[in-house]
Every structure is written in C-alpha cells, then in structure tokens.
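> Starting from these lines, generate the structure:
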Amino acid sequence: MHIFFKVFVITKTVPTKYWHLLKDGRVQCDLCPRFCKIREGGRGLCFVRANERSQIVLTTYGRSSGFCIDPIEKKPLHHFFPGTPILSFGTAGCNLACRFCQNWAISRSREVDGLSAVAAPEKIARVAAQAGCRSVAFTYNDPVVFLEYAVDTAIACHERGIKTVAVTAGEINSAPRRDFFKHIDAANVDLKAFTESFYRELCSGHLKAVMDTLLYLKNETAVWFEITTLLIPGENDSPSEIDKMTQWIFKNLGPDCPLHFSAFHPDFKMFDKKRTPSQTLFMARDIAIKNGMHYVYTGNIHDPAGGSTYCSACHKRMIGRDGYEIAEWNLTENACRYCGAVCAGYFESAPGMFGAQRQPVNMGEY
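So this is what the prediction gives:
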C-alpha cells in the first residue's frame with residue numbers, strides 16, 4: 001500500500017497485476033472480460049488503464065472526480081446500516097459503454113488530468129472517520145477500473161473500523177474478483193438486463209460475467225449485496241424478462257437478496273426513449289414478490305410504499321422510508337418488532353438519522 005502511494009507521488013500512475021505480454025509486443029489487460037490488447041502508450045476502453053513500458057498501469061491512483069457524503073440509501077443499499085452517512089468517491093472511466101449511462105460525465109470521461117480532488121487512501125479513511133461516516137463507497141464510476149486504489153483505500157478504512165461499499169456493474173474476471181471483494185463489506189451490483197443481446201448491443205458487455213459475480217458473492221463471500229436494475233422502456237422492461245430474471249435470482253441468490261427497480265430518464269446517447277412510467281416499476285416489483293423475493297424496492301420515483309421494508313413473515317412495515325428519510329423504525333436489532341422474524345442485512349438498535357443530505361467534501365480542508 002505504501003509503495004503504491006510513493007509511486008503515485010512521483011508518476012501519478014501505479015503498476016497493476018492483471019495483465020500479460022503478447023508475442024506481438026502488445027499487453028493484454030486481464031482485469032475484465034473485455035481483455036483489451038494495448039500497444040505501448042495506448043489505453044484500454046476504460047481509458048484509465050494504460051500500457052506504459054510494456055506493463056499495464058493505473059493512471060488515476062489517488063485522484064478523484066470528487067468526494068461527497070451521501071445517505072447510504074442512495075447507493076442504493078437498504079439493508080446495510082440504514083440512515084447512516086457514507087463518504088462516496090469515484091475517479092474516471094468505465095469498462096462498459098452503456099448508451100444510457102446516467103453518470104456519463106464521470107464514467108465516460110477522457111479528461112483524466114481533470115481529476116482535481118487528490119487524496120491518498122489513508123487520508124480518505126481518516127476523513128471518513130472524522131466526518132462520522134459509517135462507511136466509504138467506491139462509486140460514481142465502476143471501482144473495477146480503479147481496483148488498486150479502491151483496495152488500498154479499503155485496507156486503510158478497515159484499520160479505522162470503517163466499512164467499505166462497492167457500487168459496480170460486476171464486469172470483472174475471476175482472479176481480480178477474488179482480490180477485490182475480499183476487501184469489500186457490501187456491494188450494490190447493477191444487473192442491467194437479463195439478455196446477452198442487451199449487454200452486447202447497449203453496453204458492450206457480458207451478462208454471464210455479471211451473473212458469475214453475483215454467484216461468487218453469494219456462494220464464496222460474506223459480502224452483503226443488493227441488486228439494481230434500471231428499467232428502460234422497450235429494452236429490458238417486459239414482464240417476461242423480469243419474470244425470468246427474478247426467478248433466476250430467487251433460485252440462485254435466495255429470497256432475501258434485496259432488489260431495486262429504478263426509473264430511466266433520457267441521457268447520454270439514449271434520448272429516443274421516454275422516462276420509465278411508474279406503473280412499470282410497480283409491475284416489476286409485483287412480479288418479483290410473486291416469484292418469492294422478500295425485499296423489492298422502486299427507485300428514482302417518489303414511492304414511500306416501494307421504498308419501505310416489509311417483514312417477510314407478517315408483512316408489516318419494519319422500515320418506513322420517504323425518499324432517503326427514515327420515517328418509521330420497527331426493528332429490534334435485526335428482527336421484526338411485531339413477530340420476531342429476522343430481517344436479512346446489517347442493522348443496529350436504532351437507524352442513522354443522516355436523512356437526505358448531500359455534503360460535498362473538500363479534501364484540501366482536512
């Protein structure tokens with residue numbers, strides 16, 4: 001960790017582990033299923049991993065697009081210390097090319113030198129502790145592409161008792177997946193659709209890679225994870241696809257995996273689609289519940305019922321939410337106050353009361 005930081009100070013890049021040299025002189029990046037083959041001086045599709053002196057380096061170590069304290073429900077995570085503040089940051093770049101990206105100014109940025117917020121891992125952990133944050137999130141762009149920076153930050157956070165959260169599309173190969181998630185406490189995985197054609201045509205990605213990540217998290221880790229699907233009219237919002245997806249989740253990940261169905265708005269390269277009607281989200285939620293899922297939420301719309309948590313046994317409301325505000329709390333530790341049934345997730349005796357605040361953080365002031 002300290003070696004990485006010393007290199008960053010001098011060169012603003014750090015060496016990485018997941019690559020190999022090809023016979024023609026190019027270097028293949030083995031971080032994700034894209035397997036970019038990069039010539040000297042070139043960059044992968046993510047733009048932040050480059051071939052420098054016949055090795056892959058990370059060009060954004062220690063530099064961020066900005067830091068902000070958010071409610072953890074914004075990640076979204078509804079079953080991981082609800083109501084608590086989380087220090088959030090990202091860098092630039094992404095290993096997917098989603099035409100509908102809702103955060104494209106960061107994830108598709110080609111202006112790496114414009115990353116003006118500078119902070120070493122140890123400083124991020126210290127600021128999170130001083131600000132009273134329960135956790136730190138690697139978000140805004142996918143932490144897969146800044147894995148080395150994220151891992152070093154996670155190690156520093158754990159030394160101070162700070163939890164770590166990854167907001168990711170899950171597009172990562174098996175070896176880096178193991179090395180990354182062993183430092184992560186909770187994740188929200190973006191399951192963008194449930195067809196390979198959607199991933200191929202709209203994201204330049206691979207559904208199977210994401211499914212493999214979800215299965216790995218379920219079967220081989222203790223990471224708490226929730227799933228988000230952005231429903232796009234005419235692309236991934238058919239009742240049959242939602243039925244197939246939620247049946248797979250129930251069978252392979254279990255009924256206690258929280259699902260978030262979020263509303264699309266026109267952005268980036270997809271302005272030919274209208275906003276997702278609220279009724280589509282209600283329909284998706286109903287299908288998931290019918291298929292046995294216990295905790296299903298709606299997002300990007302005002303829907304207190306769809307944002308609240310209900311007991312899987314007696315069906316009474318355990319956590320009432322209005323947007324990012326906790327409006328009702330009927331949990332005793334992690335059990336329903338009415339019937340005693342356990343609510344899956346990580347809860348304390350009382351919720352955090354951070355609410356819907358958003359507090360930008362100037363790291364230079366610490």
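> just for this protein, where's the confidence low?
Applying pLDDT under 70 to the chain picks out residues 1-12, 104-116.
> most centrally placed residue in it?
Geometric centre of the chain, nearest residue: V167, 1.0 Å, by CA atoms, centre = their mean.
> What sits closest to that residue if chain neighbours are left out?
Leaving aside its chain neighbours, V167 sits nearest to T139 (3.9 Å; criterion: CB to CB, 6 or more residues apart in numbering). C-beta: built from backbone N, CA, C; applies to glycine.
> If you tally nearby residues, what's the number for the one you found?
Look at T139: counted by other CB atoms under 10 Å, it has 22 neighbours.
> now E220
E220 has 12 nearby residues by other CB under 10 Å.
> If we go by neighbour counts, what in the host helix or strand of the residue nearest to the centre of the chain is buried?
For V167, the element it lies in under DSSP states H and E is strand 163-168. By 16 or more other CB atoms under 10 Å, the buried positions in strand 163-168 come out as K163, T164, V165, A166, V167, T168.
> what's the answer for stretch 29-43, then?
So, applying 16+ other CB under 10 Å, buried residues of stretch 29-43: C29, D30, L31, C32, R34, C36, I38, R43.
> How about the contacts made by the closest residue to D256 other than its chain neighbours?
In space, and not counting its chain neighbours, D256 is closest to A344: 3.6 Å by CB to CB, 6+ apart. By CB atoms under 8 Å, 6 or more residues apart in numbering, the contact set of A344 is H79, D256, P258, H294, Y295.
> Farthest-apart pair in those, please.
H79 and H294 (10.3 Å; CB to CB).
> What lies in contact with the host helix or strand of F89?
If you go by DSSP H and E, F89 is part of strand 85-90. With contacts defined as CB under 8 Å, 6+ apart, strand 85-90 is touched by 64-72, 75, 106, 117, 119, 124, 127-128, 131-141, 143, 146, 165, 352, 354, 357, 359, 361.
> Can you check what angle separates the longest strand along the chain from strand 163-168?
Assignment by DSSP state E gives strand 224-231 as the longest strand of the chain. Computed with axes from the mean of the first three to the mean of the last three CA atoms, to 10 degrees, the direction of strand 224-231 lies at 30 degrees from that of strand 163-168.
> and strand 224-231, which strands flank it?
strand 186-190 (parallel), strand 259-263 (parallel) (DSSP bridges).
> quick one: that strand to chain centroid distance?
How far strand 224-231 lies from its chain's middle: 9 Å, per CA atoms, centre = their mean, to the nearest Å.
> again, but for stretch 206-214
14 Å.
> Now that stretch - C-alpha only, CSV.
Extracted in CSV, the C-alpha atoms of stretch 206-214 (Å, rounded to 0.1, in the frame of the first residue of the first chain):
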residue,chain,number,x,y,z
HIS,A,206,-21.4,-9.7,-21.0
LEU,A,207,-24.4,-10.8,-18.9
LYS,A,208,-22.6,-14.0,-18.0
ALA,A,209,-19.8,-12.1,-16.3
VAL,A,210,-22.3,-10.3,-14.1
MET,A,211,-24.1,-13.5,-13.2
ASP,A,212,-20.8,-15.1,-12.3
THR,A,213,-20.0,-12.2,-10.0
LEU,A,214,-23.4,-12.5,-8.3
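> And it, what's buried?
Buried, per 16+ other CB under 10 Å, within stretch 206-214: H206, L207, A209, V210, M211, D212, T213, L214.
> possible to save those as a markdown table with distance to E196?
Shown next, in a markdown table, are these (distance: CB to CB, whole Å):
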| residue | distance to E196 |
| --- | --- |
| H206 | 7 |
| L207 | 5 |
| A209 | 10 |
| V210 | 11 |
| M211 | 10 |
| D212 | 13 |
| T213 | 15 |
| L214 | 15 |
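> re the thing from before, how is the residue nearest to D256 assigned, secondary-structure-wise?
coil (DSSP: H, G, I helix; E, B strand; the rest coil).
> coming back round to it: closest to Q102 out of the strands paired with strand 224-231?
Of all the strands paired with strand 224-231, strand 259-263 sits nearest to Q102, with 8.9 Å by CB to CB.
> For that closest one, buried residues please.
So for strand 259-263, counting by 16+ other CB under 10 Å, buried means L259, H260, F261, S262, A263.
> go on, stretch 164-181?
164-173, 176-177, 180-181.
> try stretch 17-30
Buried residues in stretch 17-30, defined by neighbour count with 16+ other CB under 10 Å: Y18, W19, V27, Q28, C29, D30.
> Stretch 245-260 now?
Quick answer for stretch 245-260 (16+ other CB under 10 Å): M245, T246, Q247, I249, F250, L253, P255, C257, P258, L259, H260.
> send the alpha carbons of that stretch over as PDB?
As requested, the backbone C-alpha atoms of stretch 245-260 are provided in PDB (Å, rounded to 0.1, in the frame of the first residue of the first chain):
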ATOM      1  CA  MET A 245     -34.700 -12.600 -14.100                       C
ATOM      2  CA  THR A 246     -36.400 -12.700 -10.700                       C
ATOM      3  CA  GLN A 247     -36.900 -16.400 -10.900                       C
ATOM      4  CA  TRP A 248     -33.200 -16.800 -11.500                       C
ATOM      5  CA  ILE A 249     -32.400 -14.600  -8.600                       C
ATOM      6  CA  PHE A 250     -34.800 -16.400  -6.300                       C
ATOM      7  CA  LYS A 251     -33.300 -19.800  -7.300                       C
ATOM      8  CA  ASN A 252     -29.600 -18.900  -7.200                       C
ATOM      9  CA  LEU A 253     -29.300 -16.000  -4.800                       C
ATOM     10  CA  GLY A 254     -32.200 -16.600  -2.500                       C
ATOM     11  CA  PRO A 255     -35.300 -14.700  -1.500                       C
ATOM     12  CA  ASP A 256     -33.500 -12.300   0.900                       C
ATOM     13  CA  CYS A 257     -31.400 -10.600  -1.800                       C
ATOM     14  CA  PRO A 258     -32.900  -7.000  -2.000                       C
ATOM     15  CA  LEU A 259     -33.800  -5.900  -5.500                       C
ATOM     16  CA  HIS A 260     -34.100  -2.300  -6.600                       C
END
